[in-house]
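J.: Return atomic coordinates for the entry below.
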Amino acid sequence: MPKTKKFDHRLEYIPTDIVSKIGQIDELKGRWITGAQLSPQVLGRLKRSVLITSTGASTRIEGARLSDEDVEKLMRGLDIQKFTNRDKQEAKGYYELLENIFDSWKKLAFNESAIKHFHQELLKYVDKDKEHRGEYKKQENKVHMVDEAGKSVAALFDTTAPYLTPKEMQELVEWTQEALQERKYHPLLIIGNFLVQFLAIHPFQDGNGRLSRVLTNLLLLKEGYLYMPYVSHEKLVEDNKPEYYIALRRTQKTLDEKRDDITPWLDFFFTILLKQAQMAVELLSKEKIEKILTKKQLAVWELLQKVEEASPGEIAKQTKVAQPTVRQALDKLLRLKKIERIGLGRSTKYRKL
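T.: Numbering: from 1, shown residues only. Okay, here's the model as predicted:
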């Protein structure tokens, strides 16, 4: 049993529209796992593209000005003179840390020492941050909304006092670890709560927003959302930056009250996750279906494109593929939304959508 129930009350009553989004995300997650047999070359190309896109987006949310093209040049070792060293240092740290998450998430722990280590890696090239890399804050900090020029537009909310930060981080990480293990709540709810509370605490002097997005990738990968390296989560947040800040502010305003309410944040977070999952599944349909079907499955698919409809027996006869293999192929094509089933029992037939 979990030692701490500190955040349980936030997840007891979740509105039906948010529950519905979780269901849609998980349905798409299942479709990705089933259909994701893209070639290693395609996946490698997608991952490299996402590393650049995510690095550019995540650092721009915090006020950096590098375009995706600038990030790509930087990671190829080309000097880009027009930007400050800080922009370049932050981008390099983010890219390398995210690459490590994508490549090694199975081996990486989720605990306080790991979070501090990730912070150290995130800021390892940033000269101004060398005094506090990997250490919880010693001074007050606030969450600021920044414009495209990197200037603060408004202070959104106050954060946890430095002297309370170690205790609050310990409680948050322990609750999250135990809740994920116990499975009383859906993992997306647990991760959503962790992220909004992490941002409320703002445990480090700088780099909290960027680190929260790195941790988003790690936690979702660990919970089986395996498309994270192939569609940029950070870019979707950047594209919806005003809504991101509004959701955070609306939630944070309630966190000191008796009935704190994280639903504004969950609604935003799950909207982004749903869009990301939809984009991941679209990658499967955009890739030529030939790449994700075996030779015998492809024979079944080619036949169904030629005929109006056919039963498993008719398909087996015409393709000379054994019926069990035909059924496997039909199941896969159904999951990929390429065909539909008509009728039941012996009269079941299939046709192309």
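J.: any low-confidence regions in the stretch 201-350 of the chain?
T.: 257, 285-292 (pLDDT under 70).
J.: Just the strands from it, written as ranges.
T.: 339-342, 349-352 (DSSP state E, counting those that start in this stretch).
J.: where exactly do the helices run in the stretch 101-250 of the chain?
T.: Taking DSSP state H, counting those that start in this stretch to define them, one finds helices in the stretch 101-250 of the chain at 112-122, 165-182, 187-201, 208-222, 233-239, 241-252.
J.: possible to save those as a markdown table with distance to Glu309?
T.: Where you see a C-beta, it was placed from the backbone N, CA and C, and this is true even at glycine. A markdown table is the format used below for these (distance: least, CB to CB, whole Å):
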| stretch | distance to Glu309 |
| --- | --- |
| helix 112-122 | 54 |
| helix 165-182 | 45 |
| helix 187-201 | 38 |
| helix 208-222 | 39 |
| helix 233-239 | 39 |
| helix 241-252 | 45 |
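J.: Would you format those helices as JSON lines with distance to Gly93 and mean neighbour count included?
T.: Output for these, formatted as JSON lines (distance: least, CB to CB, whole Å; neighbours: other CB atoms under 10 Å):
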{"stretch": "helix 112-122", "distance to Gly93": "5", "mean neighbour count": "19"}
{"stretch": "helix 165-182", "distance to Gly93": "21", "mean neighbour count": "17"}
{"stretch": "helix 187-201", "distance to Gly93": "19", "mean neighbour count": "23"}
{"stretch": "helix 208-222", "distance to Gly93": "8", "mean neighbour count": "21"}
{"stretch": "helix 233-239", "distance to Gly93": "14", "mean neighbour count": "21"}
{"stretch": "helix 241-252", "distance to Gly93": "21", "mean neighbour count": "18"}
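J.: Nearest to Asp70 among those helices would be which one?
T.: If you check each of the helices of the stretch 101-250 of the chain against Asp70 by CB to CB, helix 233-239 wins as the nearest, at 14.8 Å.
J.: For Val143, give me the pLDDT.
T.: For Val143, the model assigns a pLDDT of 68.
J.: contacting residues around Leu304?
T.: Applying CB atoms under 8 Å, 6 or more residues apart in numbering to Leu304 gives the contacts Ala310, Ile315, Leu333, Ile339, Tyr350, Arg351, Lys352.
J.: Same check on Glu234?
T.: By CB under 8 Å, 6+ apart, the neighbours of Glu234 are Thr53, Ser54, Thr55, Ala57, Ser58, Ile61, Arg213.
J.: Would you reformat the residues you listed as JSON lines and include secondary structure and distance to Gly44?
T.: Below are those laid out as JSON lines (DSSP: H, G, I helix; E, B strand; the rest coil; distance: CB to CB, whole Å):
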{"residue": "Thr53", "secondary structure": "helix", "distance to Gly44": "15"}
{"residue": "Ser54", "secondary structure": "helix", "distance to Gly44": "16"}
{"residue": "Thr55", "secondary structure": "helix", "distance to Gly44": "17"}
{"residue": "Ala57", "secondary structure": "helix", "distance to Gly44": "20"}
{"residue": "Ser58", "secondary structure": "helix", "distance to Gly44": "21"}
{"residue": "Ile61", "secondary structure": "helix", "distance to Gly44": "26"}
{"residue": "Arg213", "secondary structure": "helix", "distance to Gly44": "22"}
